[in-house]
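**Student:** after the sequence you'll find the predicted model.
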Amino acid sequence: MTNLYKVLEVSNTASQAEIKKSFRNLALRYHPDRNKNSEESKQKFMRIVEAYEVLSDQQSRKNYDSNIYYHHGSYNYAPRPHKWTPSADFDRIYSYAEIKRKYRQTTITGGMWDISETANAGMWKATIILFSCLAAVVIFIMLIH
């Protein structure tokens, strides 16, 4: 049985944030859309998705960890009783674009195109005031000359 922690290149004490970050990096590297003609890459991608689905859910991770046994100086993983199958909407959930969007490394948002409605209204008000002041200055200059 494959060690899912090794598939995601994290330790078995990794936090959820570490698991998510590792998943994103590996999934983008081995995604079939990026590696069009590589069957090995596709298989690696499927193992990465399986590892992430098991380890990102607290209950399934606990079940997976309960199958650990110590053998000859190292931890081994007992086979799980069932075979993992991808969800029905696998292509939508794990598309290259969706992985880039949903599993980005930071949750910091912002920038010109990512503003809230209240910030948007405030920006319009500030823009109107700015242009009103500019118009007043232009009119003042025209009256002086």
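**Tutor:** The structure has been received and is ready for your questions.

**Student:** Asn12 in helix, strand or coil?
**Tutor:** Of the three states, Asn12 takes coil under DSSP: H, G, I helix; E, B strand; the rest coil.

**Student:** go ahead and confirm it touches Leu4.
**Tutor:** No: Asn12 lies out of contact with Leu4 (CB atoms under 8 Å); the separation is 9.2 Å. Heads up, the C-betas are built off the backbone N, CA and C, glycines and all.

**Student:** neighbour count: these two, which is higher?
**Tutor:** Leu4 (24 against 15; other CB atoms under 10 Å).

**Student:** per-residue confidence at the nearest residue in space to the more buried one that is not next to it in sequence?
**Tutor:** Leaving aside its sequence neighbours, Leu4 sits nearest to Ala51 (CB to CB, 6 or more residues apart in numbering; 3.9 Å). We note a pLDDT of 89 for Ala51 in this prediction.

**Student:** now for Ala51: which residues touch it?
**Tutor:** 2, 4-5, 7-8, 23 (CB atoms under 8 Å, 6 or more residues apart in numbering).

**Student:** same thing but at 7 Å, please
**Tutor:** 4, 7-8 (CB atoms under 7 Å, 6 or more residues apart in numbering).

**Student:** what segments of this protein are helices?
**Tutor:** 4-7, 16-30, 39-56, 58-65, 90-93, 96-102, 117-144 (DSSP state H).

**Student:** from Ala51, how far off is Arg61?
**Tutor:** 10 Å (CB to CB, to the nearest Å).

**Student:** one step back: any idea which of the helices of the chain is most buried?
**Tutor:** Sort the helices of the chain by mean neighbour count, taking mean count of other CB atoms under 10 Å, and helix 4-7 sits at the top with a mean of 20.

**Student:** between the helices of the chain, which gets the lowest average pLDDT?
**Tutor:** Taking the mean pLDDT of the helices of the chain, helix 90-93 comes last: a mean of 69.

**Student:** perfect, I'm done here.
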